[in-house]
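[1] structure here, sequence nowhere to be found:
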């Protein structure tokens, strides 16, 4: 079990390092994408517990308007996909994260073993 946990930790480290080093992302986009990955379900790459733009903006230190623009840019660039509302009453969207990022982190981690 410790070996599996160590592998998962290495994959997360590689994923986060690749996001931090991505030249195609602005600093606000990197912060938002990292936070989305931290909130996601590792098995589905879904962010179903998205707190809404206002709470997410506070967590990122941005305005809700800026956060909304950042999420739209991430979607346009193919890093996330808005999939609808998980809680219709609260009208909070769910986000699907691009699983290829996780796959690339896995491959990089496997090569560095």
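    Yes, it's here. Worth saying up front: this structure is predicted, and the values here are computed from it rather than measured. Residues are numbered from 1 along each chain as shown.
[2] and the longest helix anywhere in the chain, what other elements does it pack with?
    Determined from DSSP state H, the single longest helix within the chain is helix 2-20. In this structure, helix 2-20 packs against helix 27-39, helix 99-111, with contacts taken as 3 or more Cβ pairs under 8 Å, 6 or more residues apart in numbering; DSSP states H and E. Heads up, the C-betas are built off the backbone N, CA and C, glycines and all.
[3] weakest of those by average pLDDT?
    Comparing mean pLDDT over these, the weakest stretch is helix 99-111, at a mean of 72.
[4] chain center to that one, what's the gap?
    How far helix 99-111 lies from its chain's middle: 15 Å, per Cα atoms, centre = their mean, to the nearest Å.
[5] before we move on, what about stretch 64-75?
    With Cα atoms, centre = their mean, you get 13 Å for stretch 64-75.
[6] just the buried residues of it, please?
    For stretch 64-75, the buried set under the neighbour-count rule, 16 or more other Cβ atoms under 10 Å, comprises 67, 70-71, 73-74.
[7] now, the residues you listed that are in helices?
    Short answer: the buried residues of stretch 64-75 in helices (DSSP H) are 67, 70-71, 73-74.
[8] tell me which residues of stretch 28-47 come out buried.
    28-34, 36-37, 39-40, 45-47.
[9] distance to residue 79 added to the residues you listed, as TSV?
    Below are the buried residues of stretch 28-47 laid out as TSV (distance: Cβ to Cβ, whole Å):
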residue	distance to residue 79
28	13
29	8
30	10
31	13
32	9
33	6
34	11
36	9
37	10
39	14
40	12
45	11
46	14
47	12
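[10] now flag whichever of these is closest to residue 9.
    For those, the minimum distance to residue 9 (Cβ to Cβ) is 13.9 Å, reached by residue 37.
[11] from residue 65, how far out is the closest one?
    Using Cβ to Cβ, to the nearest Å, residue 37 is found at 23 Å from residue 65.
[12] same check, this time on residue 16
    Taking Cβ to Cβ, one finds residue 16 at 26 Å from residue 65.
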